[in-house]
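Novice: Attaching a predicted model along with its sequence, questions to come.
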Protein chains: 2
Amino acid sequence: MDNRPIGVFDSGLGGLTAVSEIMKILPDEEIVYFGDTARVPYGTRGTDTIMRYVREDIDFLKSFDIKAVVMACGTASSVSLPFIQDEYDIPIIGVVRPAVEAAIRATNNEKIGIIGTSATIKSRSYEREILKKLPGSEIQTAACPLFVPLVENGRTDPDDIVLYTMVEEYLTPIKKSGVDTLIMGCTHYPIIERAIAKFMGDEVALINPGREAAKFLKESENTEKRVGKGKYSFFVSDDREGFIANASKFLGGRLSGEVSLAPMER
Amino acid sequence: MDNRPIGVFDSGLGGLTAVSEIMKILPDEEIVYFGDTARVPYGTRGTDTIMRYVREDIDFLKSFDIKAVVMACGTASSVSLPFIQDEYDIPIIGVVRPAVEAAIRATNNEKIGIIGTSATIKSRSYEREILKKLPGSEIQTAACPLFVPLVENGRTDPDDIVLYTMVEEYLTPIKKSGVDTLIMGCTHYPIIERAIAKFMGDEVALINPGREAAKFLKESENTEKRVGKGKYSFFVSDDREGFIANASKFLGGRLSGEVSLAPMER
């Protein structure tokens, strides 16, 4: 039994989709969430900048005596995880490896699609991890830079012409390539899963990296479980009001827990 | 004659639309541009954060011995200018006042529309300035948060259904209110001027704040002119490559001048 909290961070609100999965799969755990809303988005920053942000985010979470960190950010996991894992004495769980393992279990034809921010796609992190484990697989990727602003502006209805036009444009090459599995490589994307599913069709398995990271956490032998009732606290580096107004959309339910401003340097 | 350069800054690339107007209207001037690409966007940040960023941006430009600053950012001008103008010994020219003066000259029916980022609209800066000078006027505003990401992702064609749907949604209440003048209160918006004009109709005057700031600079008696050939240098705080790749779109022509990384703390 280890009653210390689990730390989760993302560049903004997107990581709350992973928090909602951890809440479902590990309802006893205490979670401390940090959304770096002062420095969002990470997806368009340079590598050095992202690395520095990630270290600062983890250091902030570590001040709460956490037992593990979930890096609920496709960009951060893709760009920084291979380099920083060894710098810390607690497990750092990214979203890339759990998602890749789920995709490999799901695929029958060994054709896998990956969508994400420009930085995630450019990093080729998901691609490399898949090819390590399934060298013969065919991979088709697409950067979808407008999905995050569309989600953040509430364009999530599959019948919304603005969202659906972008889904069609971004995903057409992936659909044409005949993938049977698609990794939604950004924590914002599960919010538009219905629009993505509508275009890709029911026969394509959609992998939600936040959900897979939560399952990984549950199965992990390094992380002993907490016993009790789930407890949640949230920190943001800017715009507390915006976070409170929009969090329930990402959590898929009511925001329960205090929201505080984190004293980060920007 | 004052041969010192003019400093121009924005949160990102948008301010280049103002630079292009200064290049046209004051072709002799030397311009030092700073795009704070590491901390873009400003439009969603809190007031304290924006104030701190603006002071740091001006301090950076002042290291080049400039004779004036153009704050080519609707958000920065709206939120910070009234407070910081007195802190500096050189003129700080925002985009709000020149745009408002142009709108007042343009309107016949005293019905004026204003569009901008959420922070700009919430600040009511344009609105207050208009009402000071034209107390009986009717003002209709709309925040258009998706315009910046749409422009940055190249959705600028008036026939693009994604862009045009958003133009229709955001501008319908303004059009219905019968304005004859519309202030495009964000430096990104002149890039989609054709789409805005297509929806609003030819009879509505569109005010480009960057252009008005350039004219204001030309007419300003406080700022003596430079004699010579225009000279340009550009600084960004992150993603130099992205700036180089996209600058010409905002400049409406070739990027001429060095692009360097500014050593800002984030």
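Specialist: Yep, it's here.
Novice: Please count neighbours and contacts with C-alpha atoms only from this point.
Specialist: OK.
Novice: where exactly do the helices run in the stretch 151-266 of chain A?
Specialist: Along the stretch 151-266 of chain A, counting by DSSP state H, counting those that start in this stretch, helices occupy A:161-176, A:193-200, A:209-219, A:240-251.
Novice: OK, contacts around the one residue in the stretch 101-250 of chain A that gets nearest to chain B?
Specialist: Across the stretch 101-250 of chain A, the shortest distance to chain B (Cα to the nearest Cα) belongs to residue A:162, at 4.9 Å. Residues counted as contacts of residue A:162 (Cα atoms under 8 Å, 6 or more residues apart in numbering or on different chains) are A:155, B:161-162, B:165-166.
Novice: Just name the most buried of the helices of the stretch 151-266 of chain A.
Specialist: Neighbour counts (mean count of other Cα atoms under 10 Å in any protein chain shown) averaged over each of the helices of the stretch 151-266 of chain A peak at helix A:209-219, with a mean of 23.
Novice: tell me the mean pLDDT over that one?
Specialist: The pLDDT scores in helix A:209-219 average 94.
Novice: coming back round to it: in TSV, list the helices of the stretch 151-266 of chain A along with distance to residue B:100.
Specialist: Listed next are those as TSV, based on distance: least, Cα to Cα, whole Å:
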stretch	distance to residue B:100
helix A:161-176	32
helix A:193-200	42
helix A:209-219	47
helix A:240-251	29
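Novice: closest to residue B:43 out of those helices?
Specialist: helix A:240-251 (12.4 Å; Cα to Cα).
Novice: do that closest one and chain B meet at all?
Specialist: No - counting by Cα under 8 Å from any Cα of the partner chain, chain B is not contacted by helix A:240-251; separation bottoms out at 8.9 Å.
Novice: what's residue A:110 sitting at in phi/psi?
Specialist: phi 60, psi 30 (degrees, to the nearest 10).
Novice: Quick one: residues contacting residue A:248.
Specialist: Neighbour list for residue A:248: A:254-255 [criterion: Cα under 8 Å, 6+ apart].
Novice: helix, strand or coil for residue A:43?
Specialist: What DSSP: H, G, I helix; E, B strand; the rest coil gives for residue A:43 is coil.
Novice: nope, residue A:114 is what I meant
Specialist: On the basis of three-state DSSP, residue A:114 is classed as strand.
Novice: For residue A:212, see how far away it is.
Specialist: 15 Å (Cα to Cα, to the nearest Å).
Novice: again with residue A:124
Specialist: 19 Å.
Novice: Check residue A:59 too.
Specialist: According to Cα to Cα, residue A:59 and residue A:212 sit 24 Å apart.
Novice: what mean pLDDT does stretch A:178-195 have?
Specialist: Here the average pLDDT along stretch A:178-195 is 96.
Novice: How about stretch A:28-41?
Specialist: 92.
Novice: Any idea how far apart the tips of it sit?
Specialist: In terms of Cα to Cα, the two terminal residues of stretch A:28-41 are separated by 31 Å.
Novice: for stretch A:86-104, same thing?
Specialist: 26 Å.
Novice: quick one, what contacts residue A:215?
Specialist: A:22, A:25.
Novice: what about whichever residue of the stretch 1-150 of chain A sits closest to chain B, distance to residue B:133?
Specialist: Nearest to chain B in the stretch 1-150 of chain A, going by Cα to the nearest Cα, is residue A:46, at a distance of 5.7 Å. Relative to residue B:133, residue A:46 is positioned 45 Å away (Cα to Cα).
Novice: Which one of those two is surrounded by more residues?
Specialist: Each of residue A:46 and residue B:133 has its neighbours counted (other Cα atoms under 10 Å in any protein chain shown); residue A:46 has more, 17 against 12.
Novice: With adjacent residues omitted, what lies nearest to the more buried one?
Specialist: The spatial neighbour of residue A:46 that comes closest, neighbours along the chain excluded (Cα to Cα, 6 or more residues apart in numbering or on different chains), is residue B:239 at 5.7 Å.
Novice: For the one you found, list the residues it contacts.
Specialist: A:44-46, B:37-38.
Novice: from these, which is closest to residue B:189?
Specialist: Residue B:189 lies nearest to residue B:37 out of the contacts of residue B:239, by Cα to Cα, at 17.8 Å.
Novice: If you drop the residues flanking it in sequence, what lies closest to that closest one?
Specialist: residue B:12 (4.7 Å).
Novice: how about the one you found, secondary structure?
Specialist: Counting by three-state DSSP, the backbone at residue B:12 sits in coil.
Novice: I'd guessed it sits against residue B:36; true?
Specialist: Yes - when contacts are counted by Cα atoms under 8 Å, residue B:12 is listed as touching residue B:36 (5.2 Å).
Novice: what do the two both touch?
Specialist: By Cα under 8 Å, 6+ apart, the residues touching both residue B:12 and residue B:36 are residue B:236.
Novice: Residue A:115: how many residues sit nearby?
Specialist: The number of residues near residue A:115, taken as other Cα under 10 Å, comes to 23.
Novice: Quick check, it in contact with residue A:183.
Specialist: Yes - taking Cα under 8 Å as the definition, residue A:115 is a contact partner of residue A:183 at 6.4 Å.
Novice: confidence score at residue A:265?
Specialist: On pLDDT, residue A:265 comes in at 61.
Novice: same thing with residue A:223?
Specialist: Reported pLDDT for residue A:223: 66.
Novice: Now residue A:89: which helix or strand?
Specialist: Using DSSP states H and E, residue A:89 sits in no helix or strand.
Novice: sorry, back to before: residue A:145: which of the contacts of residue B:239 is nearest?
Specialist: So of those, ranked by how close each gets to residue A:145 (Cα to Cα), first place is residue A:44, at 9.1 Å.
Novice: which other helices and strands contact the host helix or strand of residue A:50?
Specialist: Assessed by DSSP H and E, residue A:50 sits inside helix A:47-62. Using 3 or more Cα pairs under 8 Å, 6 or more residues apart in numbering or on different chains; DSSP states H and E, the elements in contact with helix A:47-62 are strand A:6-10, strand A:30-35, helix A:74-84.
Novice: The nearest residue to residue A:110 once chain neighbours are set aside and residue A:212: what is the separation?
Specialist: Counting by Cα to Cα, 6+ apart, residue A:137 is the residue found nearest to residue A:110 once chain neighbours are left out, at 4.8 Å. As defined by Cα to Cα, residue A:137 lies at a distance of 21 Å from residue A:212.
Novice: Quickly check the contacts of residue B:239 for the two that are furthest apart.
Specialist: Within the contacts of residue B:239, two members stand farthest from each other by Cα to Cα: A:46 and B:37, at 10.2 Å.
Novice: what's the overlap in contacts for these two?
Specialist: With Cα under 8 Å, 6+ apart, residue A:46 and residue B:37 have common neighbours B:238-239.
Novice: one step back: specify which member of the contacts of residue A:162 is nearest to residue B:254.
Specialist: Among the contacts of residue A:162, residue B:162 lies closest to residue B:254 (Cα to Cα), at 27.3 Å.
Novice: re the thing from before, helix or strand right after the helix holding residue A:50?
Specialist: From helix A:47-62, the next helix or strand downstream (DSSP H and E) is strand A:68-71.
Novice: tell me which strands and helices that following strand is in contact with?
Specialist: So strand A:68-71, by 3+ Cα pairs under 8 Å, 6+ apart, packs with strand A:6-10, strand A:92-93.
Novice: Quick one, which of those strands gets closest to residue B:176.
Specialist: By Cα to Cα (comparing all of those), the closest turns out to be strand A:6-10, at 40.9 Å.
Novice: residues making contact with the closest one?
Specialist: Counting by Cα under 8 Å, 6+ apart, A:15, A:19, A:29-36, A:57-58, A:61-62, A:66-73, A:76 sit against strand A:6-10.
Novice: State the distance from residue A:166 to residue A:160.
Specialist: The gap separating residue A:166 from residue A:160 is 10 Å, by Cα to Cα.
Novice: From the rest of the structure, what touches stretch A:90-101?
Specialist: By Cα under 8 Å, 6+ apart, the surrounding residues in contact with stretch A:90-101 are A:67-74, A:77-78, A:81, A:85, A:125-126, A:129-130, A:183, A:185, A:207-210, A:212-213, A:216-217, A:222-223.
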